[in-house]
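In: have a look at this prediction, sequence included:
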Amino acid sequence: MRLRMAADIVVSIGVVLAVEYLFVRTTGALQTPAPAGAAKAAVTQIQTVNHALMVIAMMLGAILAMISGFGASMMPTARAQLGTLLFLPLPLLATLAMGLAQHVRVLSLASLVVILAIGTWCRRFGPRGFNGGVLAFMGAFLGFFIQDFVPLAGYGWLAAEIALGAATTIVVHFAFFRPRPGTAVARMQRSYAARAREVASDLTELYQATVRAGHELPRADPRLQRQLLRLNEAALLIDARLDDPAAVPPGWSAATLHQRLFDAEVGLSNVARFALAIARRGLPAPVTTAVGQALASVQAGDFAAAADAATGIEAQLDRADGGPGADQFGTTDRILLHRFATTVTEFAAAIDKFGQYPARRTPDDEATPAADAATSAEPFQTQVALFGGWLPGSSAIAGVASAERGAITAALDPPADDRPTPGYVRSASRFAHIADTLPSGSPSRTWLALRDLQLLDGALAQAAQRAGIQVTDLDTTRPTAARPAEVPVSC
């Protein structure tokens with residue numbers, strides 16, 4: 001997306017420079033002919049001024065093309081882009097005339113400060129206000145510096161050059177870089193798939209290295225987290241464009257694409273989380289080899305083989321139940337292996353459904369009149385907010401997040417007044433009690449979910465202890481540090 005915007009701006013600037021040069025050479029705009037019989041020094045001086053005014057004409061068009069390219073890229077639809085391209089020359093024209101008309105140096109310098117302040121204030125009006133403020137300052141700045149060479153009577157030629165630059169920018173943009181939402185989403189989907197392959201490749205390498213080392217490797221998690229973050233960014237950029245019906249292929253709905261995207265991303269993130277947790281457990285070689293085969297299949301894009309490897313892991317656990325090797329897997333090991341196998345299977349199914357999108361095959365759940373009626377009755381609304389066509393920066397996200405207070409934050413943060421810190425209350429014992437009451441046999445999804453809640457509760461308890469907050473059980477007032485039976489698991 002950034003490459004496309006850069007190409008649009010570069011091509012527009014190049015074409016505008018050529019058009020402005022031909023316009024000045026053809027019309028003689030602001031050019032002063034050398035009088036016959038003039039001295040050579042006078043002719044040289046006139047030619048120098050003419051050359052400078054030609055450069056100014058080309059620079060005006062180039063500046064407008066550059067800022068217009070930025071402004072157009074921030075608009076989601078062709079209509080909005082055309083409106084932006086037509087609007088942006090107006091502040092440049094207005095302040096350029098003001099700069100040419102003001103010949104008092106102190107007032108001119110003061111007006112630059114005022115226009116700069118106004119342009120900064122206009123940022124609150126979105127991309128048009130932001131880019132319009134930039135062009136307003138550039139117009140006042142150029143008008144102040146060329147007023148000795150261009151009288152106010154020559155403003156018409158400058159306005160014509162600006163109008164020519166705006167028209168050229170519009171033609172180049174819509175002729176070669178017209179927005180095509182469907183093509184843009186397909187392009188970002190390919191980027192999403194490429195980033196998913198990078199995550200799978202790094203995950204496979206980290207898993208194998210961790211199994212060989214027998215312990216957690218330094219910098220392993222940050223490296224994988226960076227790749228997962230890039231995958232999440234691609235998913236958010238796709239999701240943000242699903243509001244536009246033109247971005248959704250025929251036969252699909254935005255809600256289905258959104259769900260497939262979410263399932264694939266969450267599935268791969270969970271595969272990474274459980275795989276690295278298994279690698280640190282020191283399990284027997286047959287199990288770690290099967291997990292490695294599943295990861296290698298995911299990396300190679302052979303999701304059927306990955307699902308088969310996950311089925312093999314489940315079979316090993318079933319054979320171990322009640323057999324001579326039943327004690328080789330602890331409760332935590334069984335939870336992790338079952339969750340890994342289930343997650344790999346679900347990820348393979350999710351990525352297969354998501355892979356139908358490039359082939360433009362209609363998914364089964366979209367080929368029903370009921371689904372079409374639901375889609376038309378409830379149009380999809382994305383929850384992803386973009387700024388200028390891109391994801392907001394970390395400072396904007398941090399500003400919003402810092403103003404929100406969730407349940408976990410309320411449990412871990414100390415109170416604002418002098419009241420004692422309430423501490424964190426663990427619920428793992430209740431989850432374990434409910435899990436023990438379920439029917440015995442192969443672990444069910446309910447049993448696995450309860451064990452997952454125990455692991456999450458343990459991770460939150462560790463975070464609270466590191467923050468110096470007292471951790472207690474739900475049914476006692478004694479700190480959990482006094483309960484050696486609880487073994488914290490990090491995954």
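Out: Good, I have the coordinates. Numbering: from 1, shown residues only.

In: tell me how far Gly99 lies from Phe141.
Out: 7 Å (C-beta to C-beta, to the nearest Å). Backbone N, C-alpha and C define where each C-beta goes, glycine included.

In: scratch that, Ala463 is what I was asking about
Out: Going from Ala463 to Phe141 by C-beta to C-beta gives 53 Å.

In: who has more neighbours, those two?
Out: Phe141 (17 against 14; other C-beta atoms under 10 Å).

In: tell me how the protein divides into domains.
Out: 2-176, 181-377, 405-482 (automatic domain parsing).

In: so what's Met59 up against?
Out: Going by C-beta atoms under 8 Å, 6 or more residues apart in numbering, Met59 touches Leu142.

In: try Leu107
Out: Applying C-beta under 8 Å, 6+ apart, no residues qualify as near Leu107.

In: can you check Arg180 too?
Out: Taking C-beta under 8 Å, 6+ apart, one finds Ala246 in contact with Arg180.

In: if you set the cut-off to 6 Å instead, what comes out?
Out: Contacts for Arg180 (C-beta atoms under 6 Å, 6 or more residues apart in numbering) come out as none.

In: check what pLDDT it gets.
Out: Listed pLDDT for Arg180 reads 80.

In: repeat that for Thr382.
Out: 76.

In: for my notes, confirm it occurs in a helix.
Out: No. Assessed with DSSP: H, G, I helix; E, B strand; the rest coil, Thr382 is coil; it does not lie in a helix.

In: any idea how far the residue most central in space within the chain is from Leu3?
Out: Nearest to the mean C-alpha position of the chain, by C-alpha atoms, centre = their mean, lies Glu233 at 3.2 Å. Applying C-beta to C-beta, the value for Glu233 to Leu3 is 16 Å.

In: next one: Gly139
Out: 30 Å.

In: test my guess that Ile46 contacts Ala34.
Out: Yes. Counting by C-beta atoms under 6 Å, Ile46 touches Ala34, with 5.0 Å between them.

In: on that earlier part again, which non-adjacent residue is nearest the residue nearest to the centre of the chain?
Out: Leu391 (6.1 Å; C-beta to C-beta, 6 or more residues apart in numbering).

In: what about Asp243, which SS state?
Out: Assignment for Asp243 (three-state DSSP): coil.

In: what about it? Give its phi and psi, please.
Out: Backbone dihedrals for Asp243, given as degrees, to the nearest 10, come out at phi -60, psi -30.

In: my read is that it contacts Gln383, right?
Out: No. With contact defined as C-beta under 6 Å, Asp243 and Gln383 do not form a contacting pair (10.2 Å).

In: and those two? which has more neighbours close in?
Out: Using other C-beta under 10 Å, the more surrounded residue of Asp243 and Gln383 is Asp243, with 16 against 8.

In: which residues touch the nearest residue in space to that one that is not next to it in sequence?
Out: Excluding its sequence neighbours, the residue lying closest to Asp243 (C-beta to C-beta, 6+ apart) is Thr382, at 5.2 Å. Counting by C-beta under 6 Å, 6+ apart, Thr382 touches Asp239, Ala240, Leu242, Asp243.

In: again with Leu295
Out: Thr204, Tyr207, Ala275.

In: same list (these) but as CSV, adding distance to Thr311.
Out: Listed next are the contacts of Leu295 as CSV, based on distance: C-beta to C-beta, whole Å:
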residue, distance to Thr311
Thr204, 19
Tyr207, 19
Ala275, 17
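
In: reformat these as JSON lines; add pLDDT and secondary structure.
Out: Below are those laid out as JSON lines (pLDDT from 0 to 100; DSSP: H, G, I helix; E, B strand; the rest coil):
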{"residue": "Thr204", "pLDDT": "87", "secondary structure": "helix"}
{"residue": "Tyr207", "pLDDT": "87", "secondary structure": "helix"}
{"residue": "Ala275", "pLDDT": "88", "secondary structure": "helix"}
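
In: neighbour-wise, which one of those residues leads?
Out: Of the contacts of Leu295, with other C-beta under 10 Å as the count, Ala275 tops at 26 neighbours.

In: quick check: that one vs Asp202, distance?
Out: Taking C-beta to C-beta, one finds Ala275 at 11 Å from Asp202.

In: Arg105: neighbour count?
Out: The number of residues packed near Arg105 is 9, by other C-beta under 10 Å.

In: so for it, what pLDDT did the model give?
Out: 86.

In: how about it, phi and psi?
Out: The phi and psi values for Arg105, taken as degrees, to the nearest 10, are phi -60, psi -50.
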